[in-house]
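J.: pasting the sequence and the predicted coordinates here, then a few questions.
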Amino acid sequence: MNYAVVDKRNGQVVKFITSDSYETAQLNCDAGCELIPCNAEHMSASGDCFYENGQFHFCSPATDYEEFDYDTRTYVDTRTEDDLIRAAKARRDELLVDSDWTQLPDVPIKLKEKYQEYRQQLRDVPAQPGYPYKIHWPTEPN
């Protein structure tokens, strides 16, 4: 028989187990947990899982840096402010490198000027209110 070991406090499925009997399965269950019968489909599912109102709920994070909070049933961004700053600077630097060609001597002056403004907006990203949590990325000129 297949079982889910579920944390009674928040419904988190701690693990799935297969056992010949309920009594043997209970050996895998701590005091704060309960055993819930489940099927093979549940056991092979990936992602975060919780048990609520008689149903298993499976979900997966949208990004690699999200962690599921079983108390609120939402994903939480686990990046630090330093992580966000590093990611923003990396993106800004990449956009600047991608537009370096626009500052070469043979680029038409009107195009060069549009890109000069865009590139300055990229350099000013760290001065935006809300940085690094909220960033308005400038639109690249046509």
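T.: Sure, I can see it.

J.: domain parsing for this protein?
T.: Domain assignment of the chain by automatic domain parsing yields the ranges 2-77, 81-127.

J.: what's the one helix or strand in the chain whose mean pLDDT sits lowest in contact with?
T.: Of all helical and strand segments in the chain, the minimum by mean pLDDT, DSSP states H and E falls on helix 40-44, at a mean of 86. In this structure, residues lying in contact with helix 40-44 by C-beta atoms under 8 Å, 6 or more residues apart in numbering are N2, A4, F16, T18, C49, F56. Quick note: C-beta positions are derived from backbone N, CA and C, even for glycine.

J.: from those, which land in strands?
T.: Cross-referencing the contacts of helix 40-44 against strands under DSSP state E gives N2, A4, F16, T18, C49, F56.

J.: sorry, back to before: adding mean neighbour count and distance to H136, write the domains of the chain out as a markdown table.
T.: Converted to a markdown table, the domains of the chain look like this (neighbours: other C-beta atoms under 10 Å; distance: least, C-beta to C-beta, whole Å):
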| stretch | mean neighbour count | distance to H136 |
| --- | --- | --- |
| domain 2-77 | 14 | 19 |
| domain 81-127 | 13 | 8 |
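
J.: C-terminal to the longest helix anywhere in the chain, what's the next element?
T.: Using DSSP state H to define each element, the chain has its longest helix at helix 81-98. Towards the C-terminus, the helix or strand next in line after helix 81-98, according to DSSP states H and E, is helix 109-123.
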